[in-house]
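J.: Provided below for reference: sequence and predicted model.
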Amino acid sequence: MKKQIIIIALFLLGITLFNDVKAQNLTTSQVENAIKKDGKYALLVQNSKHFMVSVMTGEEYKTKNTGIQFEIVLIGEVVKDLAEKEDLKPFIEKAQKTGVKIVVCEFAMEKLGVKKSQYQPSILTTPNGFTYLFGLQELGFKTITL
């Protein structure tokens, strides 16, 4: 039994000592340039500030590469803000202009008393924002929740 433990310990030590350490040696520019020209990206957003930054990010991606799919899924308070706050309208227009898709959770709309008619026609809705995001993941989208 002792021999087996010693052999396993030596094996693990050997793997650790003799394997090259593969630390990330890339610059931030190299990492940012790794974004695929036909990539699929989605953000789950809950507040207005994150929505604005998400639109700007999507606009940047779509301007560089029109083949990129970029979606912003809205849940929580931002659902109401999108319908009522005037300062978000320019961001909605930017998203529409660049092809960034905005999808709003109908469950949140119901809870916050928002009607689809309060949104611009370019804004899509889904019964459940979480289920929609899971669907995007199944379709190969890389997702982030803010």
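T.: Received the coordinates, thanks. Numbers count the residues shown, from 1 in each chain.
J.: okay, CA-based contacts and neighbour counts for the rest of this
T.: Will do.
J.: burial count for the residue lying closest to Lys142 once chain neighbours are set aside?
T.: In space, and not counting its chain neighbours, Lys142 is closest to Tyr41: 4.9 Å by Cα to Cα, 6 or more residues apart in numbering. Number of residues near Tyr41 (other Cα atoms under 10 Å) recorded here: 21.
J.: So which residue is smack in the middle of this protein?
T.: Leu43 (2.6 Å; Cα atoms, centre = their mean).
J.: Which of the helices or strands spans it?
T.: Assigned by DSSP states H and E, Leu43 belongs to strand 40-45.
J.: Which elements pack onto that strand?
T.: strand 69-74, helix 129-138, strand 142-145 (3 or more Cα pairs under 8 Å, 6 or more residues apart in numbering; DSSP states H and E).
J.: in the longest one, what's buried?
T.: In this case it means helix 129-138. Residues Gly129, Tyr132, Leu133, Leu136 are the ones in helix 129-138 that count as buried (16 or more other Cα atoms under 10 Å).
J.: Dump those to a markdown table, plus distance to Phe91 and pLDDT.
T.: Converted to a markdown table, the buried residues of helix 129-138 look like this (distance: Cα to Cα, whole Å; pLDDT from 0 to 100):
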| residue | distance to Phe91 | pLDDT |
| --- | --- | --- |
| Gly129 | 20 | 97 |
| Tyr132 | 22 | 97 |
| Leu133 | 21 | 97 |
| Leu136 | 22 | 97 |
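J.: related to what we said a few turns ago, bridging residues for the residue nearest to the centre of the chain?
T.: Leu43 has these beta-bridge partners by DSSP bridges: Ile72, Ile144.
J.: Any figure for the gap between Asp142 and Leu133?
T.: Residue 142: Lys, not Asp. 10 Å (Cα to Cα, to the nearest Å).
J.: Mind listing the shared neighbours of these two?
T.: With contacts defined as Cα atoms under 8 Å, 6 or more residues apart in numbering, the residues shared by Lys142 and Leu133 are Ala42.
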